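[1] No sequence on hand, only this structure:
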């Protein structure tokens, strides 16, 4: 604020991380300029209809009355209003109308998420025509700009010494600055891998493992299979995310909320159905074409409901401060979209709150997660993924069915055969922690059980501790398995005894009246995972393949959602093998 008031420039670009308070800064500045009569009216340009009402509500709390329902068909603004809130699309549709309004009075124009001025030529041309004669212009963004050949109106560029023109911010306040000041929460990324399988329309079956070096097409197909709501990967990850949310709530953040960001509406509904099965409660579902979407978001923000599922409209600018756990269940992978999506979870309310985001273990997302603290300016003529070697066109083509889920998947060339889920690694402040561990394991539970309230430095210390413990436990298990294998081989060679009979059952409390207690499930899942681990080495099959065969043979849901009786049935079946 001081920097602006000392210079009082016509144009000012503020780049600040999501959750850092850009709206508060803009409204304080608007109040100052209205008070000293530098301007007579305010126009806010927002990306979406929902954000129009959010801006108006925030302005009202600052004593500024803005009309969020002002349309291109509206006449003169009633005198009780200090200005209006409109969308970029609204301005692009009738720029001359907004130009007339801007010329009639000294106007402060607040361009929220100014990068949208480069989304479409009509949007950029529209705001340039409408607001060229504004008394003051304040441009805001909380995301990495995309890199392309279209300069954004009212943004200054200068040579970067490498043959490109780079945007220049008048004030920048990045995630690392905000984290150091306690303005935003630290974010822990839990990346899940797993073996994905699919079949082509020629009948050929393929598999690929998320997180391993693959070409763009293989990664995209494995990614898409993982996000299939009818497979095993998503139920396992949603169960893990819900476990994490429950831990955060029990650990001191009683109103903590979770958000699943889906690729399309059909998947959003399917994920909501999975969450209802896992939690017993219906989550809030927010769809972009739902006329009640804004009110649903507002109600969720004020409630203590646990989960919300949405497509793109919650990814940018929407303010739900109690969101602490997220599931990134979408194929969107640009730095712009990723930063906006993660920005929904970082707003700090009190010291110690930590955000947890679950995502597929694919290189492009892991890279974005590890570079949370980097600032990206708008660069003209330079692809935004030049250094990553990532083929966006191949990714888009491979994910075409995800954007059009009603189309016949066979016509698109392949169908999903399922994917298992493993916690691959935990990413925090650019560093990776932990070793791969199967979903439902005790090692996974250790990471999901991080305290709900924990300082940024304490998060790092605890992750290091968890990793050391996991490595030590894995070493012990490896030695025990090698010893057992040597002993079993000797016994089998001398007596011909079946290997399954050599694995003693783990002691489990008998079921009482069919009650599926948490303790019973934990012990049974431990026994099942031990057996699966032994057979995985013996049969040269992945853990996920064995679990899938057991599920096909015995029926029932994935292991994280299975009952005591269903897990017992799978243990018996595995021993029979």
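    In hand now; what should we look at? Please read all numbers here as calculations on a predicted model, not as lab measurements. Residues are numbered from 1 along each chain as shown.
[2] Can you list the helices and strands that the helix or strand where residue 538 lies packs against?
    Per DSSP states H and E, residue 538 falls inside helix 518-539. Identification of packing neighbours for helix 518-539 by 3 or more Cβ pairs under 8 Å, 6 or more residues apart in numbering; DSSP states H and E yields helix 456-495, helix 543-554, helix 564-576. Any C-beta I mention is one placed from the backbone N, CA and C, and that applies to glycine too.
[3] what packs against the shortest one?
    What it means is helix 543-554. strand 187-200, helix 518-539, helix 564-576.
[4] Can you tell me the number of residues neighbouring residue 304?
    Residues lying near residue 304 (other Cβ atoms under 10 Å) number 11.
[5] for it, phi and psi?
    phi -120, psi 20 (degrees, to the nearest 10).
[6] Ignoring the adjacent residues along the chain, who's closest to it?
    residue 255 (4.8 Å; Cβ to Cβ, 6 or more residues apart in numbering).
[7] quick one, phi psi at the one you found?
    Dihedral pair for residue 255: phi -100, psi 10, per degrees, to the nearest 10.
[8] Check residue 132 too.
    phi -60, psi -30.
[9] For the stretch 351-500 of the chain, just list every one of the strands.
    355-360, 379-380, 414-419, 422-428, 431-433, 437-438 (DSSP state E, counting those that start in this stretch).
[10] Residue 297: which of the ones you listed is closest?
    Proximity to residue 297 (Cβ to Cβ) singles out strand 355-360 among the strands of the stretch 351-500 of the chain, at 18.2 Å.
[11] which other residues reach that closest one?
    By Cβ atoms under 8 Å, 6 or more residues apart in numbering, the residues outside strand 355-360 that reach it are 185-193, 210, 223, 226-227, 237, 240-241, 244, 248, 323-328, 342, 345-346, 365, 369, 450.
[12] Partner strands of it and their direction?
    Here strand 355-360 is paired, per DSSP bridges, with strand 187-200 (parallel), strand 323-329 (parallel).
[13] thinking again about what came up before, out of the helices and strands packed on helix 543-554, which comes closest to residue 89?
    Closest to residue 89 of the helices and strands packed on helix 543-554 is strand 187-200 (Cβ to Cβ; 31.0 Å).
[14] what mean pLDDT does the closest one have?
    For strand 187-200, mean pLDDT rounds to 91.
[15] Could you do stretch 173-182 as well?
    80.
[16] so where do the helices sit in the stretch 201-350 of the chain?
    Remark: helices assigned in the stretch 201-350 of the chain by DSSP state H, counting those that start in this stretch are 216-226, 233-250, 265-279, 293-302, 335-342.
[17] Then the stretch 1-150 of the chain?
    Counting by DSSP H, counting those that start in this stretch, the helices of the stretch 1-150 of the chain are 2-7, 22-35, 49-61, 88-93, 95-104, 121-131.
[18] Now mean pLDDT too, for the ones you listed, in CSV please.
    Converted to CSV, those look like this (pLDDT from 0 to 100):
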stretch, mean pLDDT
helix 2-7, 83
helix 22-35, 94
helix 49-61, 91
helix 88-93, 95
helix 95-104, 96
helix 121-131, 91
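[19] looking at the ones you listed, which is closest to residue 306?
    Closest to residue 306 of the helices of the stretch 1-150 of the chain, according to Cβ to Cβ: helix 49-61, at 21.5 Å.
[20] I'd like to check the angle between that closest one and helix 293-302, please.
    Orientation check (axes from the mean of the first three to the mean of the last three Cα atoms, to 10 degrees): helix 49-61 against helix 293-302 gives 50 degrees.
[21] Give me the buried positions along stretch 524-540.
    524-525, 527-529, 531-536 (16 or more other Cβ atoms under 10 Å).
[22] Could I get the average pLDDT for that stretch?
    The model assigns stretch 524-540 a mean pLDDT of 74.
[23] Kindly report the same for stretch 284-296.
    81.
[24] What's the end-to-end length of that stretch?
    7 Å (Cα to Cα, to the nearest Å).
[25] roughly how far apart are the residue nearest in space to the middle of the chain and residue 364?
    The chain has residue 328 as the residue nearest its centroid, 3.2 Å off, counting by Cα atoms, centre = their mean. Using Cβ to Cβ, to the nearest Å, residue 328 is found at 12 Å from residue 364.
[26] and what of residue 355?
    Distance from residue 355 to residue 364, counting by Cβ to Cβ: 20 Å.
[27] Have a look at these two and say which one is more surrounded.
    residue 355 (23 against 20).
[28] Could you measure from the nearest residue to that one once chain neighbours are set aside over to residue 234?
    Closest residue in space to residue 355, ignoring its immediate chain neighbours: residue 345 at 3.9 Å, by Cβ to Cβ, 6+ apart. Taking Cβ to Cβ as the measure, residue 345 falls 19 Å from residue 234.
[29] Over to residue 356?
    Counting by Cβ to Cβ - residue 356 and residue 234 are separated by 17 Å.
[30] for residue 539, same thing?
    According to Cβ to Cβ, residue 539 and residue 234 sit 26 Å apart.
[31] rewinding a little: how about the contacts made by the residue nearest to the centre of the chain?
    Residue 328 neighbours (Cβ under 8 Å, 6+ apart): 261, 338, 341-342, 357-360, 365.
[32] Kindly present the residues you listed as JSON lines, with separate columns for pLDDT, neighbour count and distance to residue 24.
    Formatted as JSON lines, the contacts of residue 328 follow (pLDDT from 0 to 100; neighbours: other Cβ atoms under 10 Å; distance: Cβ to Cβ, whole Å):
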{"residue": "261", "pLDDT": "94", "neighbour count": "26", "distance to residue 24": "25"}
{"residue": "338", "pLDDT": "85", "neighbour count": "24", "distance to residue 24": "24"}
{"residue": "341", "pLDDT": "87", "neighbour count": "24", "distance to residue 24": "22"}
{"residue": "342", "pLDDT": "88", "neighbour count": "26", "distance to residue 24": "20"}
{"residue": "357", "pLDDT": "96", "neighbour count": "26", "distance to residue 24": "24"}
{"residue": "358", "pLDDT": "97", "neighbour count": "24", "distance to residue 24": "30"}
{"residue": "359", "pLDDT": "96", "neighbour count": "24", "distance to residue 24": "29"}
{"residue": "360", "pLDDT": "95", "neighbour count": "30", "distance to residue 24": "34"}
{"residue": "365", "pLDDT": "90", "neighbour count": "20", "distance to residue 24": "30"}
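[33] Tell me the one among those residues nearest to residue 7.
    For the contacts of residue 328, the nearest to residue 7 is residue 342 (31.8 Å; Cβ to Cβ).
[34] Would you check that that closest one makes contact with residue 365?
    No: counting by Cβ atoms under 8 Å, residue 342 does not reach residue 365; the two are 10.3 Å apart.
[35] Show me how far stretch 549-568 is from its chain's centre.
    29 Å (Cα atoms, centre = their mean, to the nearest Å).
[36] scratch that, stretch 111-123
    Centroid separation for stretch 111-123 versus its chain: 23 Å, with Cα atoms, centre = their mean.
[37] what's it in contact with?
    13, 22-23, 26, 44-47, 51, 55, 88-89, 91-92, 124, 127, 131, 137-143, 145-146, 148, 150-155, 316-317, 336, 378.
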